[in-house]
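Visitor: sharing a sequence plus its predicted fold:
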Amino acid sequence: MKTTIFLIALAGTMIACEADKLDITAPDVNVNGGPVETSFTPTSARVQVIINTPDKVKEVGILYGLQADQAALVAYGTVVSSTEKKSEYFFDVTDCESATKYSYVAYALLESGETAYSVVRSFTTIAAELSATPSRLSLDAKAQTSSLAISTTFDAWDFTVGSEEWLSCQKSGDLLTVTAQENFTDERRVATLKFTAGSRTLSVAVTQEHRTVELSRDTIFMNTGGSGSFTVTTDASTWSVSSDAPSWLTCSKDGETVNFEASAPTESYRLGHVTVTLGTNGATATVTVVQYLIDLSVLGGEYIPQIVEASRDRGDFRGTVLTKEQYMNLTEADFEWNWDRRGDFGSFDFDYILQGGGAAWVYPLLFKVHNEESPYAEDCLRVEVVAFLDPSNTILTDQSYYDPKLRQIVLHFELHESWNDNIGWDKVYLRK
């Protein structure tokens, strides 16, 4: 009896080649030549066996494994076989490791009960590959869609992503589309995409920058009911504004400006906050509104000078603050006068008069307390020096203010004395 077996090793698709001829005289087999190996996957290969006399054979198969000799393969190899009677067989070798050499031997179980074996042949699986392009995603803070191109030598790949609600992914062919929501928080956020293909795994980091917000003011002082505003600088697409004291402090948004209104205070001191929030629950920035219940009439009375920076001939200011009515009702018996200029007061709009003196009488100073925050001192009222009762003195620059917590008047102004063309600063601290 004589049977001819042809063995060809293939990977992926079958290729055209000249078959190796095997003359078998059972049970002895003598095989020359080797398999053709091409396009193996990292985990599988395909072996082709051709029988020219299938009617003489009742089973055909292969034995494969890491063993290198025929006896070991016959004893311990993994069997893949078929009992069909045909001239061509394809046997798939699966569950292999990548970049690994495997040996196999073909056999034919003849109708006579004898078995014919081929010589030992081998193949090597290709190295496993799994990669993503780009290898990481670095996103800015805006809402956006990006993609990763996945390349692998395996037949298929899959992915998982954590529980991050801001990131969603969609697989399409060799692409993974990644969609990130706008990052309204004040922190950089990170997610990890995990890919699997065959025996390989791959992690890709996705990072997203955060939005920023800045306010033109952080504290606003008010001593009566009134209104105010501040500006918002942010790169966020949306933001909102709210008050934590809506019963007396309300606010609204107008472009990049936040306008707020406060009712008249009913208690000596209270705090409210106007908060800007990015997105829905994103980063926040807050302006604190401080409101005092201040009766400006308390300004009248005796003040103790703390620091006096006298200027030229005016001498030291005394710490007496008079209302207009008090000053107009003074008599010469109450004070020593150089001259009486009280008749000029009708042309001025003022609240108080600071009476002062030294070696010689210094002309009274008129000042007005405004119900608004001073630009020169936080949580203080703006004080405007109106004039000296002398037309030769002109106020050039004024940085005066009243501190309600310290009950202190700070008069700080630059004046021009036209009678000698002299310019200088005066500053006086007065506390009740």
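Guide: Cool, the structure landed.
Visitor: how about Ala127, phi and psi?
Guide: Main-chain torsions, Ala127, degrees, to the nearest 10: phi -70, psi 140.
Visitor: isn't it right next to Thr153, touching?
Guide: Yes - contact criterion CB atoms under 8 Å: Ala127 and Thr153 qualify, at 7.4 Å. Bear in mind the C-beta positions are built from the backbone N, C-alpha and C, glycine included.
Visitor: please look at Arg217 and Phe230 and confirm they touch.
Guide: Yes - contact between Arg217 and Phe230 holds when scored by CB under 8 Å: they sit 4.4 Å apart.
Visitor: joint contacts of these two?
Guide: By the contact definition CB atoms under 8 Å, 6 or more residues apart in numbering, Arg217 and Phe230 are jointly contacted by Val287.
Visitor: between those two, point out the one with more neighbours.
Guide: Neighbour comparison, Arg217 and Phe230: the larger count goes to Phe230, with 20 against 16 (by other CB atoms under 10 Å).
Visitor: mind checking the SS state of the more buried one?
Guide: Using DSSP: H, G, I helix; E, B strand; the rest coil, the structure places Phe230 in strand.
Visitor: what's across from it in the sheet?
Guide: Phe230 has these beta-bridge partners by DSSP bridges: Val258.
Visitor: and the protein, what are its domains?
Guide: Using automatic domain parsing, the domain ranges for the chain come out as 3-124, 130-208, 213-292, 296-431.
Visitor: so how far does stretch 79-86 reach from one end to the other?
Guide: This stretch, stretch 79-86, spans 19 Å end to end (CA to CA, to the nearest Å).
Visitor: circling back to that earlier point, need the overlap of contacts for Ala127 and Thr153.
Guide: Residues touching both Ala127 and Thr153 by CB under 8 Å, 6+ apart: 42, 98.
Visitor: the two - which one has more neighbours?
Guide: Using other CB under 10 Å, the more surrounded residue of Ala127 and Thr153 is Thr153, with 19 against 11.
Visitor: returning to that earlier point: mean pLDDT added to the domains of the chain, as JSON lines?
Guide: Shown next, in JSON lines, are those (pLDDT from 0 to 100):
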{"stretch": "domain 3-124", "mean pLDDT": "72"}
{"stretch": "domain 130-208", "mean pLDDT": "93"}
{"stretch": "domain 213-292", "mean pLDDT": "90"}
{"stretch": "domain 296-431", "mean pLDDT": "73"}
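Visitor: burial count for Val383?
Guide: If you count neighbours by other CB under 10 Å, Val383 ends up with 26.
Visitor: tell me the contacts of it?
Guide: 367-370, 374, 398, 400-402, 409-411.
Visitor: restrict the host helix or strand of it to CA atoms and write it as PDB.
Guide: According to DSSP states H and E, Val383 maps onto strand 381-388. Taking Å, rounded to 0.1, in the frame of the first residue of the first chain, the C-alpha atoms of strand 381-388 are listed here in PDB:
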ATOM      1  CA  LEU A 381     -16.000 105.300  53.500                       C
ATOM      2  CA  ARG A 382     -14.700 107.800  51.000                       C
ATOM      3  CA  VAL A 383     -14.100 111.200  52.400                       C
ATOM      4  CA  GLU A 384     -13.900 114.200  50.100                       C
ATOM      5  CA  VAL A 385     -12.000 117.300  51.300                       C
ATOM      6  CA  VAL A 386     -14.000 120.100  49.800                       C
ATOM      7  CA  ALA A 387     -11.900 123.200  50.500                       C
ATOM      8  CA  PHE A 388     -10.200 125.300  53.100                       C
END
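Visitor: following it, which helix or strand comes up?
Guide: strand 393-398.
Visitor: tell me which residues of that next one are tucked away?
Guide: Judged by neighbour count using 16 or more other CB atoms under 10 Å, the buried positions of strand 393-398 are 393, 395, 398.
Visitor: ok, Asp351 touching Arg382?
Guide: No - assessed by CB under 8 Å, Asp351 is found out of contact with Arg382, at 11.9 Å.
Visitor: who touches both of these two?
Guide: Common contacts of Asp351 and Arg382, defined by CB under 8 Å, 6+ apart, comprise Val369.
Visitor: so what touches stretch 156-166?
Guide: 130, 150, 167, 169, 171, 176, 180-181, 183, 189, 191-197, 208.
Visitor: just the ones of these in strands?
Guide: Mapping the contacts of stretch 156-166 onto strands (DSSP state E) picks out 130, 150, 167, 169, 171, 176, 180, 189, 191-197, 208.
Visitor: the strands in the stretch 51-200 of the chain, which residues?
Guide: For the stretch 51-200 of the chain, the strands defined by DSSP state E, counting those that start in this stretch cover 57-65, 78-82, 88-93, 101-110, 115-117, 121-124, 130-133, 137-139, 144-152, 158-161, 167-172, 175-180, 189-197, 200-208.
Visitor: tell me what angle the last one forms with strand 144-152.
Guide: Per axes from the mean of the first three to the mean of the last three CA atoms, to 10 degrees, the angle that strand 200-208 makes with strand 144-152 is 160 degrees.
Visitor: what strands line up against strand 200-208, and which way round?
Guide: Paired neighbours of strand 200-208 in the sheet (DSSP bridges): strand 137-139 (parallel), strand 189-197 (antiparallel).
Visitor: I'm done for today, thanks for sticking with me.
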